[in-house]
Structure formats: structure tokens, C-alpha cells
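[1] this one's structure only:
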Ligand code: SF4
């Protein structure tokens, strides 16, 4: 059966990952999964290790100031995940003294846990049967069954096929190993551009084996052209070399992070203009471009100087608070 061959292959050897150890707790697995969304394993490992040094338990994480969490997350991107991570830790400590539930409905009731994260926690932390479908699994299943409906509409058919395989006896008897094995197969064998079909352990079950078009699955809808937005940021420095920064709101895109004053770089969002400081001079420092998931941005960077910046907004360049990648780019220009 599919799961028998898959498990035999996985048990012959796989990449070591700290959160795949038998000793990994639900806290470790959940933390890793939050970090792994849209991010590679190689990029996550140092962040994961640093987080656990600072917050060895969920109680440490829940008790930490938001600033500290954002600081440690800095550079990992998609900052909303850090806000949700902290909110989830607090909710768990409040509701269950930090114990992770194992029922799907209880997991889904926690901040930031969607169907995928709930399933992977159930399977890999509690060794309970679950239909774990991440991007890697989606690719394997779409190729195996040659699912013709483009994503995202094809996700339903892919999940249904994945559920059938996850119900096989060996998969049900080893949910942790099975989930990890299927994700590993997608990332190491059934890769996006050059799947290793000739050595694939489940080639006998795959309808795309020996088809030259395997890489055209999963089918994707034609991409919409992203809207393009332009804005200005001001790099204001004072006589001591301090930089003017302001903090973003506690909710929404890049919540809590600090940024330069700007003319409104998010489409439809208001400008947060430089304060009425007596700007002594200003000059154009150049432009940067950045692509978000839903729009492209061209940012004009303007330098200006003032005598003094109010204390609450003045930061020395070597002691900057958490900043988004966009603002780091603007400061580096
Ligand atoms: Fe992927 Fe090729 Fe294996 Fe099919 S045979 S699952 S396309 S690697």
C-alpha cells in the first residue's frame, strides 16, 4: 500500500530537524510550524533555536513583552505570525495553564491555528490521525492523481485524496511518522521543478510517473497582475545622529513594528507624516521597490535633518527597535 512504502522509505533515513525528535513537545512543534509557514527549514532553524533559548516554555513566551517577541522574530517576515504566536501563548496559559489541547475543534479555537497547523499538531505532537496537507503534500497528491482543477479550487479534491491515503491502516497506526514522511517526500523527492520520479518510493501509485508533464501539477490559475503603489518615506536624523521612528498600530499589517514617517505606503491606508519638526534640509536619496503578496510598492526615500528628535521617537542606528524588511531596505539605501 502507499503508506507502507512511504513509511519504509522514511524510516531508511530523513533530514534531522529539532522539532521532529520523539522528545519534541507540542510547544516545540507548534512554534516550528508557525515559523515554517512561507519560510524554508534552513531559514527557520536559527530562529527556532534562539526562540527556545529565550522562551524555553510556553509560560516564558506568554509572559514576554510583545516588543521582545517581535525583536526575536525580526527578519523572518510575515510579522502577523509573531503577533498570533504571542496571542496564542497567552490564550493557552490563561485557558489551560499552557497545555495544548488535542481535539481539532479546541486547536482551531486558538489564535493563529488554521486547519493545517491544527492537523500537524494533532499528528506530530499527539500521534493522532489527521489529514496533514501543506504545500508539499498538495504537490505530491496533485501529481499522483493528476488533479486538473487549478488551485485554489482544486484544494478540495486534493484534501479528499489525501484523506483516503491517511485512512490506510499503516498511516492510521503511525500518524506522526506518516505526516512527516509525506511532507518529506514532497520537499525532497517530489520537488517543484525536478521531481526524482525514477527513485521515488511511491512511483507505483503515481499517475504522473513516466509522464513528462508531472511538473505542471498542481495546476494554477493564471496570476492576476498585482496593483502598483508609490509612496514616500522620510529618513529624519538629528544632530546626534538619531533616527526618527514611529510605531505601527497593535493590529493589522506589520503590527507593533516601527517605521519611518511616510505618505501612506499601503494602498488606501492613511499617511503618517513627519511631525512638524523644523526640517533643515531635505534631499532625494533614491527609490526602492518591494513586492507584498497583494501589491507592488515603489518607495521614494527622502533624507532630512533636524536639530533634535523628541526622545520617544529618537533611536541610535545601533539600537533600532524591531523593523520590517521594507523599512530596513529604506534605511540601508
Ligand atoms: Fe512525484 Fe514523480 Fe513520485 Fe509521482 S513519481 S509522486 S510525480 S516524484
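    Nice, I can see it. All of these numbers come straight from a predicted model, not from anything done at the bench.

[2] For the stretch 1-150 of the chain, what lies in contact range of the ligand?
    Residues of the stretch 1-150 of the chain found near the ligand (Cβ under 6 Å from any ligand atom) are 140, 143, 144. Where you see a C-beta, it was placed from the backbone N, CA and C, and this is true even at glycine.

[3] Would you map the helices across the stretch 201-333 of the chain?
    Taking DSSP state H, counting those that start in this stretch as the test, the helices found in the stretch 201-333 of the chain are 325-332.

[4] still on that earlier bit, for the residues of the stretch 1-150 of the chain next to the ligand, pick the one with the most neighbours.
    Within those, neighbour counts (other Cβ atoms under 10 Å) peak at residue 140, which reaches 29 neighbours.

[5] Could you say which helix or strand holds that one?
    Using DSSP states H and E, the element containing residue 140 is helix 135-144.

[6] what does residue 82 give?
    helix 80-96.

[7] Now do the same contact list for residue 239.
    Contacts here follow Cβ atoms under 8 Å, 6 or more residues apart in numbering; on that basis residue 239 touches 305, 307, 308.

[8] Most neighbours among the residues you listed, please name it.
    residue 305 (15 neighbours).

[9] so that one touches residue 240, yeah?
    No. Under the criterion of Cβ atoms under 8 Å, residue 305 makes no contact with residue 240, lying 11.1 Å away.

[10] quick one: residue 283 from the ligand, how far?
    Per Cβ to the nearest ligand atom, to the nearest Å, residue 283 is found 55 Å from the ligand.

[11] So what pairs up with that residue in the strands?
    The residues listed as beta-bridge partners of residue 283 by DSSP bridges are residue 303.

[12] Counting neighbours, what do you get for it?
    Residue 283 is flanked by 8 other residues according to other Cβ under 10 Å.

[13] Now do the same contact list for it.
    Contacts of residue 283 (Cβ under 8 Å, 6+ apart): 302, 303, 304.

[14] same thing with residue 14?
    Applying Cβ under 8 Å, 6+ apart to residue 14 gives the contacts 20, 180, 181, 184, 188.

[15] Next, the angle from the least confident helix or strand in the chain by mean pLDDT to helix 325-332.
    Sorting the helices and strands of the chain by mean pLDDT, DSSP states H and E puts strand 281-291 at the bottom, at a mean of 84. Here strand 281-291 runs at an angle of 140 degrees relative to helix 325-332 (axes from the mean of the first three to the mean of the last three Cα atoms, to 10 degrees).

[16] can you list the residues of the stretch 201-333 of the chain near the ligand?
    Contact residues, the stretch 201-333 of the chain versus the ligand (Cβ under 6 Å from any ligand atom): 202, 203, 206, 208, 209, 214.

[17] Show me the residue sitting in the middle of the chain in space.
    Nearest to the centroid of the C-alpha atoms of the chain, with distances taken as Cα atoms, centre = their mean, sits residue 37, at 3.2 Å.

[18] List phi and psi for that one.
    Torsion angles at residue 37 (phi, psi; degrees, to the nearest 10) stand at phi -60, psi 120.

[19] Report back the residue of the protein that's furthest from centre.
    The C-alpha centroid of the chain is most remote from residue 280, which lies 41.4 Å away (Cα atoms, centre = their mean).

[20] quick one, what contacts it?
    Each residue near residue 280 by Cβ under 8 Å, 6+ apart is listed here: 304, 305, 306, 307.
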